[in-house]
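In: Output the structure for:
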Amino acid sequence: MKPRTYVFPFHRSFIALVLGLACLSIHASTAQAATDLLERPARQSQLASKSMMLTAARAGDRLVAAGERGIVIYSDDHGATWKQAAVPVSVTLTSLFFVSRDTGWLAGHDGVILVTTDAGASWHKQFDGRAANAAVLKDLQARVDSARSVADKADAASREAASVALEAWAASLDDAKAGAEFGPSRPLLGLWFNNATEGLAVGAFGQVFHTADGGKSWTSRGGRIGNPDGYHYNAITALGDGSLMIAGEAGKLRRSRDRGETWETLDTGYVGHLYGVLDLPDSTLLTFGFAGNALRSDDGGKTWKALPRLTAKTLVGGSVLAHGSVLLLAVDRTLLISRDQGQTFTLQQGSPGRPVAGLMPTPPGGHGGSRRGCRWPLHPECR
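Out: Okay, here's the model as predicted:
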């Protein structure tokens, strides 16, 4: 059976949340307020399923969604009814990733990372922005020390380059120390796990954290990616060839072919935010983002071509269906559909309603595919 697609509604200020994430996290809350949110369990509410949802994932046949104020909900009947999970924090949650039906992780504001071992019914904190600050400072201090050692030993021909590198790392360390004074670290926006032990979290201002023990400990890897301007990383995904791709600010994509050990930067030629990457057949990649911008590469990311903009609304989600169609979803519920591997798209105006944050396949046999009683009218089969 073909995968079904559904959407989650969210508050109309989502684009501002994405674009203004850093300011919101740093300035809207003092260090004490941020700490309180990291210690305050999410409030249980009968209206939890009506809250702003920013991320969703499948845990086996279960659907799990998360969003504002630490709210996590889950459904065992394909979204007909929802229950609220027990969550130990009240910060906004942004990214879900499950490696099995029972085990998954959830990241969000103030550097928080949570884990579940019961398919999303309850969550436990593994990491937060205080630990993130410490990890970043440790990593940068080590890089400053290494750069200083290199500069001290450099000969006349390489002394200038070594001094420039030292100054750059020292400036990054100073910036990190200043940021840490505001309290817990900035938002995390994307998660990827290779298995139940190894994973990566990425986020605002070039944050990258790695775990090799299922999240019991995390180390900073932001310094492994050339990002002197501290551009945000909005999402991370695995491609069919086993490589990883980070979509981020300033039209930059970051690719790793060794599970995050080393990275290369791909410049798409676009200067705005990118929110996702789709992996298509024959080394074709499609990336999408702010203000309806989408770009396609036929050579595995070496070169990129901007596609005609069919909407000025931000593209917040994408999916490749089993039969090969490519879907892109805009914030105003407009659906862009391609049946030629993303070479061309047709626009299908969304039905009126609240803005949306993304789309994902529902489990086989789920609601939404048949025209009769179709729950998700944005899907092509429902129109």
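In: residue ranges with poor pLDDT in this protein?
Out: 1-35, 361-383 (pLDDT under 70).
In: number of nearby residues for P352?
Out: 7 (other CB atoms under 10 Å). For the C-beta atoms, the positions are set from N, CA and C on the backbone; glycine is no exception.
In: Which residues are in contact with it?
Out: R333 (CB atoms under 8 Å, 6 or more residues apart in numbering).
In: G240 and L278 touch, don't they?
Out: No. Contact between G240 and L278 fails when scored by CB atoms under 8 Å: they sit 10.6 Å apart.
In: ok, these two, which is more surrounded?
Out: Applying other CB under 10 Å to G240 and L278 shows that L278 carries more neighbours, namely 21 against 9.
In: gap between that one and S325?
Out: 11 Å (CB to CB, to the nearest Å).
In: Same question for G350.
Out: Counting by CB to CB, the gap from G350 to S325 is 17 Å.
In: So between those two, which is more surrounded?
Out: G350 (20 against 16).
In: which ones are touching that one?
Out: 330, 332-335, 356, 378.
In: so how far is the helix or strand hosting A56 from its chain's centroid?
Out: Element membership for A56, per DSSP states H and E: strand 53-59. Taking CA atoms, centre = their mean, to the nearest Å, one finds the center of strand 53-59 at 12 Å from the center of the full chain.
In: Go through that strand and flag the buried ones.
Out: Across strand 53-59, burial judged by 16 or more other CB atoms under 10 Å covers 53-59.
In: Run through the strands of the stretch 151-300 of the chain in chain order.
Out: 188-193, 199-203, 208-211, 219-220, 233-238, 244-248, 252-256, 264-267, 274-280, 284-289, 294-297 (DSSP state E, counting those that start in this stretch).
In: Dump those strands into a markdown table; add distance to S122 as well.
Out: Formatted as a markdown table, the strands of the stretch 151-300 of the chain follow (distance: least, CB to CB, whole Å):
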| stretch | distance to S122 |
| --- | --- |
| strand 188-193 | 18 |
| strand 199-203 | 20 |
| strand 208-211 | 20 |
| strand 219-220 | 27 |
| strand 233-238 | 25 |
| strand 244-248 | 29 |
| strand 252-256 | 32 |
| strand 264-267 | 39 |
| strand 274-280 | 29 |
| strand 284-289 | 34 |
| strand 294-297 | 38 |
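In: okay, those, which one's buried deepest?
Out: Most buried of those, by mean neighbour count (mean count of other CB atoms under 10 Å): strand 199-203, with a mean of 27.
In: and that one, how far out from the chain's middle?
Out: 8 Å.
In: Tell me which entries of the contacts of G350 lie within strands.
Out: If you go by DSSP state E, these have 330, 335, 356 in strands.
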